[in-house]
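Participant: Sequence and predicted model, in that order:
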Amino acid sequence: MPEQPLYRPPAPIPSSPLRSLLRVIRQGDGDLLSLVPEEAYRKPLTWLGYSRRSILLINDSELCKQVLADKQGIYPKNDLMVGALEGLVGNSLFVSSGQSWRRQREMIDPAFSQLRIDSAFTSMNRAVDDYQTLLDKHVENKDTFSLDKAMSHLTADIICRTIFSQPLSSDIAGDVFNDFLLFERSVASVDLKQLIFGKPWATITQPPEVVTACQRIRRHIGTMLDPRLNGDKDHKVDDIVAAVVAAKDSDTGEAFTREELIDQIGVFFLAGHETTASVLTWVFFILSQQPDVAQRIADDVDKVTNGGEVQLEHIRQLPFVRNVFREVLRLYPPITFLPRVALEPTRIADKKLKRGAMIMISPWTAHRNALLWNNPDRFDPDRFNTETVDGKPKRKADKGTHMSFGVGPRVCIGASFATTEAILIIAKLAQRYRFSATNADIVRPVARLTTRPAFEIEMQVSRR
């Protein structure tokens with residue numbers, strides 16, 4: 001029998017710049033993915049359409065490292081990104097640049113290096129177990145539920161347990177989750193009119209409901225934080241918050257202020273649950289469309305665990321699960337674009353940039369570049385196999401660099417945490433359940449705060 005063609009998960013069909021612009025106008029949702037022209041998937045550098053400020057799209061990993069390293073300090077975080085996030089996370093690690101970013105990174109790194117993955121894994125496992133109780137009810141009642149919200153809720157629960165040592169079921173944690181959901185769906189992170197016609201460094205006005213949600217989130221984080229700052233003996237626990245509270249500036253010996261702590265914890269919530277939830281949403285949608293892959297995962301998990309529970313030592317023994325996660329990360333990088341802005345006239349490779357020009361580092365197009373990846377828009381987790389036959393690779397190797405967790409000095413400090421969390425969730429849920437999307441025909445990705453479905457994916461679940 002001829003080999004079956006590889007599955008192409010939902011994504012825009014690349015087109016000419018004009019047709020891409022007309023498609024975005026027709027869709028009416030400001031989706032930046034649909035605006036990306038065909039040539040951006042074949043070149044290391046390309047101008048993105050026509051705009052007042054000019055937008056350079058970069059998907060070459062070495063050029064990305066050059067911009068992110070920013071040794072001359074001329075490529076700070078883009079003003080549109082800062083305007084979208086500063087109401088929630090202030091001048092935190094996520095939006096700061098230069099010396100401010102370096103100070104924060106040096107203070108926060110030890111918090112993650114001190115995080116014992118075994119204790120974090122226990123919290124992760126308990127959260128997944130509790131979530132399976134909810135899925136069992138969906139099975140019993142034959143419910144249809146939102147996969148997007150389900151993954152957001154599960155990863156938010158894990159972050160609450162590992163950051164604050166308390167489950168999401170508490171009233172405060174639940175409110176924080178609901179407001180984060182509103183923030184992600186409503187924040188003006190990419191306004192195409194501002195992107196194309198706006199001046200650099202223009203003030204970005206957020207919808208009133210987003211401003212209110214940010215204020216509530218920060219207030220709730222402060223409420224959970226204050227017992228730690230007040231020396232409450234009942235809150236002396238060894239978790240991420242405790243490590244960040246104890247962090248000191250190596251030059252001054254000063255700790256983070258209360259507001260700075262709220263900034264950083266806001267980042268942990270945002271990056272720690274929203275980005276992972278984005279990837280997992282796409283993982284379980286793809287598994288619903290590829291039952292053979294889901295079965296292969298379940299068989300591998302059963303073999304490694306002998307039909308029992310997934311434990312920490314099993315995580316490294318599940319290479320196919322890891323490869324599925326890596327492949328979905330490649331196809332749907334949570335942070336679709338990493339925007340920067342030129343503070344002065346400069347040059348990147350052979351492209352001249354004026355002051356205020358926007359630089360879009362693009363994991364989305366870098367991961368789908370036909371010059372760097374084989375079958376770039378196809379789902380192929382086996383592309384990451386390292387197995388050989390007679391000392392030779394089984395297939396032609398990809399040349400692309402995986403940039404989902406960043407590159408160079410800006411690499412994500414929570415990458416190991418997120419990978420362990422994702423493998424655990426995929427393994428446990430695929431071992432126990434089968435997922436079926438009821439609206440698969442309308443599923444397509446859009447670039448919001450993260451790479452999300454344009455419409456919530458409606459899912460049903462049954463026991464394996």
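Facilitator: Cool, the structure landed.
Participant: in the stretch 1-150 of the chain, which spans are strands?
Facilitator: Using DSSP state E, counting those that start in this stretch, the strands of the stretch 1-150 of the chain run over residues 45-47, 55-58, 145-146.
Participant: can you list the residues that contact the last one?
Facilitator: Right, strand 145-146. Contacts of strand 145-146 from elsewhere in the structure, counted by Cβ atoms under 8 Å, 6 or more residues apart in numbering, are His138, Glu456, Ile457, Glu458, Met459, Gln460, Val461. C-beta coordinates here come from the backbone N, C-alpha and C atoms, glycine included.
Participant: give me phi/psi at the fourth one?
Facilitator: Here the main-chain torsion angles of Glu458 (degrees, to the nearest 10) amount to phi -90, psi 130.
Participant: got a list of what it touches?
Facilitator: Thr144, Phe145, Ser146, Leu147, Ala437, Thr438, Asn439.
Participant: Let's see that with 7 Å instead.
Facilitator: Going by Cβ atoms under 7 Å, 6 or more residues apart in numbering, Glu458 touches Thr144, Ser146, Ala437, Thr438, Asn439.
Participant: cool, and the fifth one?
Facilitator: By Cβ under 7 Å, 6+ apart, the contact list for Met459 reads Thr144, Phe145, Leu147, Ser288, Phe435, Ser436, Ala437.
Participant: what do you get if the cut-off is 8 Å, keeping everything else the same?
Facilitator: Thr144, Phe145, Ser146, Leu147, Ala150, Phe284, Phe285, Ser288, Phe435, Ser436, Ala437, Thr438.
Participant: which intervals of the stretch 101-250 of the chain have sub-threshold pLDDT?
Facilitator: 111-116, 170, 173, 187-204, 232-236 (pLDDT under 70).
Participant: mind listing the helices for it?
Facilitator: 117-141, 147-163, 171-186, 192-197, 208-229, 240-246 (DSSP state H, counting those that start in this stretch).
Participant: Which among these is found nearest to Trp364?
Facilitator: helix 192-197 (15.5 Å; Cβ to Cβ).
Participant: rewinding a little: could you point out which of the helices of the stretch 101-250 of the chain sits nearest Ile297?
Facilitator: Per Cβ to Cβ, nearest to Ile297 of the helices of the stretch 101-250 of the chain: helix 117-141, 15.0 Å.
Participant: Run through the neighbouring helices and strands of that closest one.
Facilitator: Here helix 117-141 touches helix 147-163, helix 312-315, helix 415-432, strand 458-463, going by 3 or more Cβ pairs under 8 Å, 6 or more residues apart in numbering; DSSP states H and E.
Participant: tell me the angle it makes with helix 147-163.
Facilitator: Here the directions of helix 117-141 and helix 147-163 differ by 150 degrees (axes from the mean of the first three to the mean of the last three Cα atoms, to 10 degrees).
Participant: residues in contact with helix 117-141?
Facilitator: So helix 117-141 is contacted by 143, 145, 150, 153-154, 157-158, 161-162, 165, 167-168, 238, 309-310, 312, 416-417, 420-421, 424-425, 428-429, 432-433, 460-463 (Cβ under 8 Å, 6+ apart).
Participant: Let's see that with 6 Å instead.
Facilitator: 145, 154, 157-158, 161-162, 312, 421, 424-425, 428, 461-463 (Cβ atoms under 6 Å, 6 or more residues apart in numbering).
Participant: Quick check on the residues you listed: which are buried?
Facilitator: Buried subset of those (neighbour count, 16 or more other Cβ atoms under 10 Å): Phe145, Leu154, Asp157, Ile158, Arg161, Thr162, Glu421, Leu424, Ile425, Lys428, Val461.
Participant: Not counting sequence-adjacent ones, nearest residue to the fourth one?
Facilitator: Setting aside the residues directly before and after it, Ile158 is nearest to Ala127 in space (Cβ to Cβ, 6 or more residues apart in numbering), at 4.6 Å.
Participant: likewise the third one?
Facilitator: Excluding the flanking residues, the one nearest Asp157 by Cβ to Cβ, 6+ apart is Leu168, at 3.8 Å.
Participant: next one: the fifth one
Facilitator: Once its chain neighbours are removed from consideration, Arg161 has its nearest residue in Ser123; the separation is 3.9 Å (Cβ to Cβ, 6+ apart).
Participant: for the helices of the stretch 101-250 of the chain, which one sits closest to Glu39?
Facilitator: Using Cβ to Cβ, the helices of the stretch 101-250 of the chain put helix 192-197 closest to Glu39, at 18.1 Å.
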